[in-house]
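A.B. asks: coordinates for the following, if possible.
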Amino acid sequence: MDDIEQIRQLKYRYLRTLDTKRWDDFEACFLPEATADYNGLQFPDRAALVAYMRENLGPGLITMHHVHHPEITVDEGGGTATARWYLHDKVIVEAFRFMLEGAAFYEDRYTRTPDGWRVSHTGYVRTFEAQYSLDDLPGFKLNGPGVHTH
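C.D. replies: Have a look, this model is predicted:
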């Protein structure tokens, strides 16, 4: 696999492990010193980021993250790279009858390690965010193996 494809695979793994709550695999996507800034929600390192996600994205919270239209540049020398990704995401919290949908552009940095590419920084600034009450969506029903309804 070339570097650009490896970086694509890393980003897709990051999203899949986030949405499936596979926290050890999510953690493995990052360098220990990696930073993150999600629309002002900032993390100084991997440990803080993963701890926050473990604590705040529990089983009652469903997420969906899609990225597309990558713009990936591997720097001269091949040890670092940057990428911009178009994000579309949803968050559903049925217990609070709440759904959020939004979009953003991720701005990521990557570092090549002996074990492959890892995220050194990730983050985005929202282009929009819409919030819904599930009570305002007649007939809304949530199904799936990851759904824990009350």
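A.B. asks: what residues of the longest strand anywhere in the chain count as buried?
C.D. replies: Looking across the chain with DSSP state E, the single longest strand is strand 116-133. Of the residues in strand 116-133, those buried by neighbour count under the rule 16 or more other C-beta atoms under 10 Å are 117-124. (Each C-beta comes from the backbone N, C-alpha and C, glycine too.)
A.B. asks: where in the chain is pLDDT low?
C.D. replies: The model of the chain has pLDDT under 70 over residues 145-150.
A.B. asks: try it again with 80
C.D. replies: 1, 144-150 (pLDDT under 80).
A.B. asks: now do the helices in it.
C.D. replies: Per DSSP state H, the chain carries helices over the ranges 3-19, 23-27, 46-56.
A.B. asks: and the longest one, how far out from the chain's middle?
C.D. replies: In this case it means helix 3-19. Chain-centre distance of helix 3-19: 10 Å, with C-alpha atoms, centre = their mean, to the nearest Å.
A.B. asks: which of the buried residues of strand 116-133 sits closest to residue 65?
C.D. replies: residue 124 (10.6 Å; C-beta to C-beta).
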